[in-house]
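Student: pasting a predicted model and its sequence here:
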Amino acid sequence: MPISANSNGIKLNGYDETSRASSTFGGIVIYHGAEAGEKTASKPKFRQVELSLKKLIGLCYLTDELMLDVPAMETRIANAFNSAFDFQVQDDIINGTGAGMALGVLNAGCLVAVAKETGQAADTIVAENIVKMYSRRFAARTNNYIWLYNQQIEPQLFTMSLAVGTGGIPVFMPPGGLSNSPYARIMGLPAHAVEQCAALGDQGDIALCNFKDGYLLAEKGGLAQDMSIHVRFVYDESILRFVLRMDGQPWRASALTPYKGGSGATQSHFITLAAR
């Protein structure tokens, strides 16, 4: 969401909904009534979602000789910083604390952390973990979810199996086995290895995420790049400065208790596996 030139942030109304056991959207009640009966009013409950732009900054000094002697050095430096900013923005969206930076999904109040299985060994992922994580999504929005995981867990994924009688079947590996490329899909949804996910065994090593419906990101003006020869003029150095102003947080403040199932089956746009 782009922020206009005369603003430093944005305030939006989001639904303040924690449970659908007796109402939807925080207070809407739909009921069956008799003819000529008095109607009962209801309304949604809102919470204010505020995004205030924070700065991401990159700085680089280049000697005049380096800029003159190495072809396209300024362009190469700019490309490197662009990639570094992209990496940091992704990290903020996943791991941000919300203090001076965006609030990441793994630190958000709406995160659902699925407990490990009874007796499950440390630093493992089993098929039951995947199934239980999948069951905590908003089913109507399934197609907008993706899996994110740390590449370190791939040995767990490739060898994961689901017990069937005295045997088992592979969960992640395609029928062709190791000779074919993996499908890179779990439960039919895209699966991506990203460095920002936690190490194997820590909470956040794998996550099921719906950023399309569940995360709000604001930025102003894109990545600004400026160069000056004045700061280090007597040293024959130029300075490249990169600044990005952005903020983000999930739409929901908490996970949602569904209409049926109780608080032990809360649902969210963002689900992870607890530490094990």
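Tutor: Nice, I can see it.
Student: now Asn143: closest residue in space that isn't a chain neighbour?
Tutor: Leaving aside its chain neighbours, Asn143 sits nearest to Leu189 (8.0 Å; criterion: Cβ to Cβ, 6 or more residues apart in numbering). C-beta here means a position set from N, CA and C on the backbone, and glycine is covered the same way.
Student: show me what contacts the one you found?
Tutor: Shown in contact with Leu189 (Cβ atoms under 8 Å, 6 or more residues apart in numbering): Thr142, Asn143, Tyr145, Ile146, Trp147, Leu208.
Student: repeat the analysis, applying 7 Å as the threshold.
Tutor: Tyr145, Ile146, Trp147 (Cβ atoms under 7 Å, 6 or more residues apart in numbering).
Student: and the gap between it and Tyr183?
Tutor: To Tyr183, Leu189 is 11 Å away according to Cβ to Cβ, to the nearest Å.
Student: just checking, what packs against the top strand by length along the chain?
Tutor: Secondary structure of the chain per DSSP state E: the longest strand is strand 237-250. Counting contacts by 3 or more Cβ pairs under 7 Å, 6 or more residues apart in numbering; DSSP states H and E, strand 237-250 packs against strand 46-52, strand 54-63, helix 73-95, strand 215-219, strand 224-232.
Student: and the residue in the chain sticking out farthest from the centre, its phi and psi?
Tutor: Going by Cα atoms, centre = their mean, the residue of the chain most distant from its centre is Ala36, 49.4 Å out. The phi and psi values for Ala36, taken as degrees, to the nearest 10, are phi 70, psi 10.
Student: tell me who's in contact with the closest residue to Leu216 other than its chain neighbours.
Tutor: Of all residues not flanking Leu216 in the chain, Trp251 sits nearest, at 5.7 Å (Cβ to Cβ, 6+ apart). Counting by Cβ under 7 Å, 6+ apart, Trp251 touches Gly14, Val49, Gly214, Tyr215, Leu216.
Student: how is Asp123 assigned, secondary-structure-wise?
Tutor: What DSSP: H, G, I helix; E, B strand; the rest coil gives for Asp123 is coil.
Student: against Asp205, how distant is it?
Tutor: Taking Cβ to Cβ, one finds Asp123 at 9 Å from Asp205.
Student: looks to me like Leu157 is in a helix.
Tutor: Yes: assigned with three-state DSSP, Leu157 falls within a helix.
Student: neighbours around it, how many?
Tutor: Counted with other Cβ atoms under 10 Å, residues neighbouring Leu157 total 21.
Student: end to end, how far does stretch 193-201 reach?
Tutor: Terminal residues of stretch 193-201 lie 15 Å apart, using Cα to Cα, to the nearest Å.
Student: ignore the last one, stretch 153-165
Tutor: Distance between the boundary residues of stretch 153-165 (Cα to Cα) amounts to 26 Å.
Student: now do the buried residues in it.
Tutor: By neighbour count with 16 or more other Cβ atoms under 10 Å, stretch 153-165 contains the buried residues Ile153, Gln156, Leu157, Met160.
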